[in-house]
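Asks: Could you work out the structure for the sequence below:
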Amino acid sequence: MSAKRPVPRASVMAIEAYQPGKSTAPAGVKLHKLSSNETPLGPSPKAVEAFQKVAAKLELYPDGSSTRLREAIAAKYGLDAGHIICGNGSDDLLSLISNTYLEPGDEAIYSQYGFVVYPIAIQAAGAKPVMVPEKNLTADVDAILAAVTPKTKIVFLANPNNPTGVYLPFDEVKRLQAGLPPHVLLVLDAAYAEYVRRNDYASGVELVGTSENVIMTRTFSKIHGLAALRIGWAYAPTHVIDAMNRIRGAFNVNSAAIEAGIAALADDAHMAKALDHNDRWLSWLTDELTKLGLSVTPSVANFLLVHFPTTPGKTAKEADAFLTARGLILRRLEPYHLAGALRLTVGDEEANRKVVAALTEFMKGDARA
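Replies: Model prediction:
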């Protein structure tokens with residue numbers, strides 16, 4: 001008997017849809033949105049100016065190959081523009097990668113607390129997501145390699161990881177790549193790479209340049225403050241770029257995004273200011289929250305994973321309600337199976353001081369939510 005309406009693929013209906021963080025506060029209180037890892041400094045004024053100039057040319061299609069943006073990225077990082085592909089945010093590229101290399105019956109691996117978009121992209125391509133347990137909230141290279149089967153086609157690794165803020169040293173990433181079969185694609189999601197100040201970290205550029213099975217993805221949404229424009233890029237061997245371009249949307253990056261992205265890359269001073277701000281307040285927030293008796297996972301990104309007690313009145317869920325009532329919006333982490341924690345984005349000075357003051361009140365137990 002035929003269906004009475006169109007029926008989606010069963011694998012699509014099995015997907016747990018992405019749940020973004022809250023973005024609103026109760027009426028009458030000032031909103032401090034600390035749930036989406038957005039930069040408190042906003043975009044470069046040069047990027048805003050470039051964006052505004054595009055308004056006079058909205059009737060024109062963008063460059064389908066994002067040529068000038070790819071060339072600007074290549075010049076900034078010393079890369080070959082022919083090894084770069086741009087997308088409508090790095091999420092777009094993660095989906096492109098999955099749809100290029102996965103088909104029903106295949107498997108793709110991601111770590112336990114990895115970005116929730118990975119299993120969505122994998123399942124959307126009809127493949128099976130394989131979650132590998134982490135060790136101390138950090139991806140376990142040995143466990144990932146042990147999970148590889150003849151069906152494995154992709155391994156996704158966020159480095160630094162969201163939502164934990166931890167990273168794998170480059171030697172460990174190289175060990176992972178060396179242990180993978182040559183036909184398995186290693187995807188290094190380096191969305192927060194610009195924030196990392198560790199000598200043993202590398203975003204993956206070198207590994208891509210010396211391998212045939214590695215792709216690195218990046219974004220303009222974080223340190224460049226262009227989340228609304230959705231600009232992502234990836235660096236990969238030419239055979240990977242060629243394959244992805246065959247299914248990439250013809251005009252998947254809009255003209256305003258292209259121009260703003262080029263301008264943002266050229267504003268070194270704005271980027272340095274954003275880094276300095278993050279360095280100062282990431283450390284301050286970690287220290288102040290630790291003094292309250294909260295456990296804070298050491299982070300190299302622009303956010304902190306804050307763990308709350310299980311004691312009634314002190315839980316993460318209750319802390320979230322308490323903070324929300326005061327206009328302080330953090331990220332609940334049930335989708336990541338970290339219900340006992342909240343993710344806190346480094347905000348501006350006012351927001352940072354307010355969240356510490358509010359949590360001080362909350363942890364003392366003499367507050368009224």
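Asks: Sticking with residue 174, tell me its helix or strand.
Replies: Using DSSP states H and E, residue 174 sits in helix 170-179.
Asks: in that helix, what's buried?
Replies: Within helix 170-179, the residues scored as buried using 16 or more other C-beta atoms under 10 Å are 170, 172-174, 176-177. For every residue, glycine as well, the C-beta is placed using N, CA and C.
Asks: Quick check: mean pLDDT of it?
Replies: Mean pLDDT, computed over helix 170-179, is 98.
Asks: Mind listing the strands the helix or strand following it pairs with, and their directions?
Replies: For helix 170-179, the following helix or strand on the C-terminal side (DSSP H and E) is strand 185-189. Sheet pairing of strand 185-189 (DSSP bridges) gives strand 152-158 (parallel), strand 214-219 (parallel).
Asks: any chance of these in JSON lines, with mean pLDDT and mean neighbour count too?
Replies: Listed next are the strands paired with strand 185-189 as JSON lines, based on pLDDT from 0 to 100; neighbours: other C-beta atoms under 10 Å:
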{"stretch": "strand 152-158", "mean pLDDT": "98", "mean neighbour count": "25"}
{"stretch": "strand 214-219", "mean pLDDT": "98", "mean neighbour count": "26"}
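Asks: Output those strands as TSV; include the columns distance to residue 82.
Replies: As requested, the strands paired with strand 185-189 are exported to TSV (distance: least, C-beta to C-beta, whole Å):
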stretch	distance to residue 82
strand 152-158	23
strand 214-219	14
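Asks: Just give the nearest non-adjacent residue to residue 351, would you?
Replies: Excluding the flanking residues, the one nearest residue 351 by C-beta to C-beta, 6 or more residues apart in numbering is residue 32, at 4.0 Å.
Asks: pLDDT wise, what is the one you found at?
Replies: 96.
Asks: quick one, what contacts it?
Replies: Residue 32 makes contact with 25, 327-329, 347, 350-351, 354-355 under the criterion C-beta atoms under 8 Å, 6 or more residues apart in numbering.
Asks: Residues in a beta bridge with it, which ones?
Replies: Assessed by DSSP bridges, residue 32 has beta-bridge partners residue 328.
Asks: For the helix or strand where residue 306 lies, which strands pair with it and how are they oriented?
Replies: Per DSSP H and E, residue 306 falls inside strand 303-307. Partner strands for strand 303-307, per DSSP bridges, with pairing direction: strand 295-297 (antiparallel), strand 341-345 (antiparallel).
Asks: hey, which of the ones you listed is tucked in deepest?
Replies: strand 341-345 (a mean of 26; mean count of other C-beta atoms under 10 Å).
Asks: Identify all contacting residues around that strand.
Replies: Residues contacting strand 341-345 (C-beta under 8 Å, 6+ apart): 21, 33-38, 163, 285, 289, 302-308, 316, 319-320, 330-333, 355.
Asks: Which helix or strand lies directly C-terminal to it?
Replies: Moving toward the C-terminus from strand 341-345, the next helix or strand (DSSP H and E) is helix 349-364.
Asks: Could you check that next one and say which residues are buried?
Replies: Per 16+ other C-beta under 10 Å, helix 349-364 contains these buried residues: 351-352, 354-356, 358-359, 362-363.
Asks: Please save the CA atoms from stretch 71-79 in CSV.
Replies: Taking C-alpha atoms only, stretch 71-79 is exported to CSV below (Å, rounded to 0.1, in the frame of the first residue of the first chain):
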residue,chain,number,x,y,z
GLU,A,71,43.3,33.8,-2.5
ALA,A,72,43.1,36.0,0.6
ILE,A,73,43.1,32.9,2.9
ALA,A,74,46.0,31.4,1.0
ALA,A,75,48.0,34.7,1.3
LYS,A,76,47.2,35.0,5.0
TYR,A,77,48.4,31.4,5.9
GLY,A,78,50.9,30.8,3.1
LEU,A,79,48.8,28.2,1.3
